[in-house]
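S.K.: here is a sequence with its predicted model. Questions after.
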Amino acid sequence: MIRNDTELEVTQERIRQFERQAAQIRKTETDAQNYRLSVAGYVAEIDRMNLEVREYLSALPSELLVR
């Protein structure tokens, strides 16, 4: 769970890093099945982190203190 803007920025940077890693694999892997297996973990983690970002951005700071 993201608790503040610093954690938001760190999470957003991690998302960008994972996206770059998946994109790099996409450039080098020629077999579709190997590609999907290689990036599945990255894509799942990107989805999880994006959900955290959306949850954080959908709440006011005062609401986050209550949780």
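M.R.: Alright, I've got the coordinates. Residues are numbered from 1 along each chain as shown.
S.K.: check the secondary structure at the residue most central in space within the chain for me.
M.R.: When CA atoms, centre = their mean is applied to the chain, the residue found nearest the centroid is I46 (2.9 Å). The three-state label given to I46 by DSSP: H, G, I helix; E, B strand; the rest coil is helix.
S.K.: what about the residue nearest to it when sequence neighbours are not counted, how many neighbours?
M.R.: Among residues not flanking I46 along the chain, F18 sits closest, at 5.1 Å (CB to CB, 6 or more residues apart in numbering). All C-beta spots, glycine's among them, are computed from the backbone N, C-alpha and C. F18 has 18 neighbouring residues, counting by other CB atoms under 10 Å.
S.K.: now the strand or helix carrying F18: buried residues?
M.R.: Assigned by DSSP states H and E, F18 belongs to helix 5-28. For helix 5-28, the neighbour count (16 or more other CB atoms under 10 Å) marks 11, 15, 18, 22 as buried.
S.K.: ok, and what's touching it?
M.R.: 2, 35, 38-39, 42-43, 45-46, 49-50, 52-53, 56-57 (CB atoms under 8 Å, 6 or more residues apart in numbering).
S.K.: just the buried residues out of the residues you listed, in PyMOL syntax.
M.R.: Only the buried entries of those go into this PyMOL selection, using 16+ other CB under 10 Å:
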select buried, resi 2+38+39+42+46+49+56
